[in-house]
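pasting the structure only:
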Ligand code: PEP
Ligand code: CO
């Protein structure tokens, strides 16, 4: 292997990169980014690696969740709070019902770039570049909106900084206090079956805390009860942006991509001779790699060897997204090959991206039942192989949107356009997310 530097990826084929019309403007934006402060610190990324090592060892469960694509529109404190709130609820359900700690990682504070199946989109004979996420261009269908604009890279950085700032305040400043479990149940969720079930669970947590106090334990001084660790992640897609935020850690001399705690490689950019792998192999953050139905056992092992040659547990999470049909048959050979090659990876299931289709109303959607079916197959595959079904990777929002079909309070095709707001793929709403957490807890309890 050749020597790694933050820019060594430039000698490799880089898929899914925008065509920037103005190279000079791109250089200016990247130089500015390279001089701005890091968004996360190396020590935090190392803390996540340690937590992910527990996932790899079967002692913790990963909940990685958030938007398909964050948006520059409608950016608000409330939407960040709602997303965090629903993830905290899901984590409480998972931890309380299984006794296994939940590692919380958002698809947030940097998830602004999307790989696309086609570089262009044709509407009524007009061919324009595809929308690639707010970090690159605008979804509006005009030549101006779709032109890749490097100033957006800088805007994405600033929105990520503001988002992280609020997340840090929420998670360390009292909002995530276990004494407030009831307050995370938003109105539209609280009235649902899952919401009521959650209320009961929150009541049990209250009683447990009172019991601990009655026994003389000082619950006030236990930081674990008042704060949570919450980490950020996104797909490392636009490599110029990731390079510009890559910094050398002054303590260890190692390189970290300080745009997020965890970065992942998408299904479309995971080639072993590609630029994305070249970039990610050199940064010490915990990494993810998506594996779709075409992934072979040899490819999975090769990815482990290239991204984690030192075999550090917690360094690498393999995120399968096989689709509901055939997940067991597709996944088991990969699990076996990775295990038999002696790699201690964490596994996670993305039950979203293999189950997307266009509904009769013409909107991109997913059915809750297919999501559950893929999860059930994923758990069955791990049970059969004797490996730990480490976690889930889902697209959700805390809000009351209508983007995915089904769920306990069933969303039908006719309902989809009531509140269809996603900037890219359909997300589970708050109720569906909580429902999902209960069902995952059941699968985990086996
Ligand atoms: C995603 O996670 O948003 C995504 C595009 O996934 P995949 O690379 O698995 O298609
Ligand atoms: Co998506």
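Everything's here; your move. Predicted, not measured: the structure shown is a model, and the values here were computed from it. Ligands and ions are numbered 1, 2, ... in the order given.

Enumerate the residues of the stretch 301-446 of the chain near ligand 1.
Taking CB under 6 Å from any ligand atom as the criterion, the neighbours of ligand 1 within the stretch 301-446 of the chain are 321, 350, 353. To be clear about C-beta, it is placed using only N, CA and C from the backbone, and glycine gets the same treatment.

can you tell me how far the second one sits from residue 241?
Same thing as residue 350. For residue 350, the distance to residue 241 equals 23 Å [CB to CB, to the nearest Å].

just the last one next, same as before
Between residue 353 and residue 241 the distance, using CB to CB, works out to 22 Å.

still on that earlier bit, check the residues of the stretch 301-446 of the chain next to ligand 1 one by one and keep those near ligand 2.
Checking those against ligand 2 by CB under 5 Å from the ion, not one of them is in range.

OK, contacts around residue 425?
Residues in contact with residue 425, defined by CB atoms under 8 Å, 6 or more residues apart in numbering, are 68-69, 352-353, 356, 364, 366, 395.

For ligand 1, state which of those is nearest.
Checking those against ligand 1 by CB to the nearest ligand atom gives residue 353 as the nearest, at 4.2 Å.

since we're on the spatially closest residue to the closest one that is not a sequence neighbour, how many residues are nearby?
Spatial nearest neighbour of residue 353, excluding adjacent residues (CB to CB, 6 or more residues apart in numbering): residue 321 at 4.4 Å. The local packing of residue 321 (other CB atoms under 10 Å) involves 23 other residues.

contacting residues around residue 321?
Each residue near residue 321 by CB under 8 Å, 6+ apart is listed here: 267, 290-292, 349-354, 393.

Can you tell me which residues in the stretch 151-300 of the chain are near ligand 1?
By the rule CB under 6 Å from any ligand atom, the part of the stretch 151-300 of the chain lying against ligand 1 is 235, 266-268, 290.

which of the residues in the helix or strand hosting residue 165 are buried?
For residue 165, the enclosing helix or strand under DSSP states H and E is helix 151-172. Within helix 151-172, the residues scored as buried using 16 or more other CB atoms under 10 Å are 152-154, 156-157, 159-160, 163-164, 166-167, 170-171.

and what of stretch 303-314?
Neighbour-count burial for stretch 303-314, counted by 16+ other CB under 10 Å, picks out 303-304, 306-308, 313-314.

Would you mind checking the average pLDDT for that stretch?
pLDDT averaged over stretch 303-314 equals 98, rounded to a whole number.

how far does it sit from the chain's center?
Per CA atoms, centre = their mean, to the nearest Å, the displacement of stretch 303-314 from the mean C-alpha position of its chain is 20 Å.

Adjust the sequence numbering to begin at 17 for everything that follows.
Taking 17 as the first residue, the last one we looked at is stretch 319-330.

out of the buried residues of stretch 319-330, which are inside helices?
For those, membership in helices holds for 319-320, 322-323, with DSSP state H as the criterion.
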